[in-house]
Structures are given as C-alpha cells and as structure tokens.
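Q: okay, predicted coordinates and the sequence, questions at the end:
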Amino acid sequence: VGSPGMANTDASMPQPVTFEALMASRPTVLAPMEDVSDAVFRRYCRELGADACYTEFVNVENLLRGCGKAERKLRLEADETTTAIQIYGADPATLVEAARIAEAARPLFIDINCGCWVPKIARRGAGAGWLKDPSAMVAMADQIVRAVSLPVTVKTRIGIGVEQQMPVVELAKRLEGVGVR
C-alpha cells in the first residue's frame, strides 16, 4: 500500500492521488487554521489519519510584497501531495496573481477563503466580506479558475445576515458554474 496521498495502482510505482479521487473517497480533512496548521501540524495530522490538509490562509497582499511569513505558508514538503493552499484577499487581480504563485508550490488544489468572519478581514472585503457582493465573488472565482491549471475550491459560509438574503445553495451553484470544485 502506498504512503498517505498516494494511490497504489501498480505495486512497483505509487501514483499521485488526483483531486477527483481524493474527494470521491470522502476524505478526512484538516481545516485551515491560522497559526495552527503549519507544516509540522499538517504532518502530525496526516500521521493520525488526515487524508487532506489545508495550509494556514495566505494574505495575498503580504505574499505579493514578499513578506517572509506569507511565503513560508506556501512551502510544502515533498510528501504533502494532498495539501491545499488557501489564499485570501479583497482584490481579484491580486488574488489571481497570488493563485499563480501558489500553483507553483504544487499543492493538490487552491482554496479561496470567502468565509473568514473576523472583522478586520471581512470589513476590508476579504474572507466573508465577499458575501456582501455574491456576483463579484463569482466573477473573482471565475478569474482564478481560468488563471490556474489546478482545481480551485471556495471556503464560504451560509451568509451574512438573514439566509433569505444569501441563499448559499444558489451561490454554490453559481460558483460551480464557473468551474469551482
């Protein structure tokens, strides 16, 4: 049997797991947690049975300015074949640029954080701030999907305010319509 993150279709050569195969397996997933889900913690969680892990969320503005902390969050170990890099920001253009940088780190997929409720994040339009303008969120996700070759997912939440104002199922269908997985 192959190592975590590897499908053993030929006893002599483990094959990388695809996004589709991973998701079809109903994986146990380590959620992205700021100041928690670093490389050491991800390795520990994989040893305990996590099938997939997310990095801490990466601030795209800091990444594009060359901030060392943001750059470190993108570094994946060779055995992190089922790890996603999560990015967040308020500007579609910087999110696209950061997604391309994240893609070069070779994660299994890229996740866009559109769910962080922390006021200093959401107030500036990042994280759950995207829920204030679902059409802009869908357009931003579409740009990222078209800019990278990796699968793209979106972390979101039910909405801001009354559910009738933000039917999340409809939003999810719109995101799927532009290629979000």
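A: Cool, got the structure.

Q: which residues in the chain form helices?
A: If DSSP state H is used as the criterion, the helices of the chain fall at 19-24, 39-47, 60-64, 68-74, 92-104, 119-122, 134-147, 168-177.

Q: would a markdown table of those with distance to Arg157 be doable?
A: C-beta here means a position set from N, CA and C on the backbone, and glycine is covered the same way. Output for those, formatted as a markdown table (distance: least, C-beta to C-beta, whole Å):
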| stretch | distance to Arg157 |
| --- | --- |
| helix 19-24 | 20 |
| helix 39-47 | 23 |
| helix 60-64 | 20 |
| helix 68-74 | 22 |
| helix 92-104 | 18 |
| helix 119-122 | 10 |
| helix 134-147 | 12 |
| helix 168-177 | 8 |
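
Q: mind listing what the residue positioned nearest the centre of the chain touches?
A: In the chain, the centroid-proximal residue (C-alpha atoms, centre = their mean) is Asp111; its distance is 1.7 Å. Taking C-beta atoms under 8 Å, 6 or more residues apart in numbering, we find Asp111 in contact with Pro32, Tyr54, Ala84, Ile85, Gln86, Ile87, Val152, Thr153, Val154, Lys155.

Q: next up, the contacts around the closest residue to the first one other than its chain neighbours.
A: Excluding its sequence neighbours, the residue lying closest to Pro32 (C-beta to C-beta, 6 or more residues apart in numbering) is Tyr54, at 3.7 Å. Contact analysis of Tyr54 by C-beta under 8 Å, 6+ apart lists Val29, Leu30, Ala31, Pro32, Ser37, Thr83, Ala84, Ile85, Gln86, Asp111.

Q: in TSV: those residues, plus distance to Glu176 and pLDDT.
A: Shown next, in TSV, are these (distance: C-beta to C-beta, whole Å; pLDDT from 0 to 100):
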residue	distance to Glu176	pLDDT
Val29	19	96
Leu30	24	94
Ala31	21	92
Pro32	21	91
Ser37	26	93
Thr83	23	97
Ala84	17	98
Ile85	21	98
Gln86	19	98
Asp111	15	98
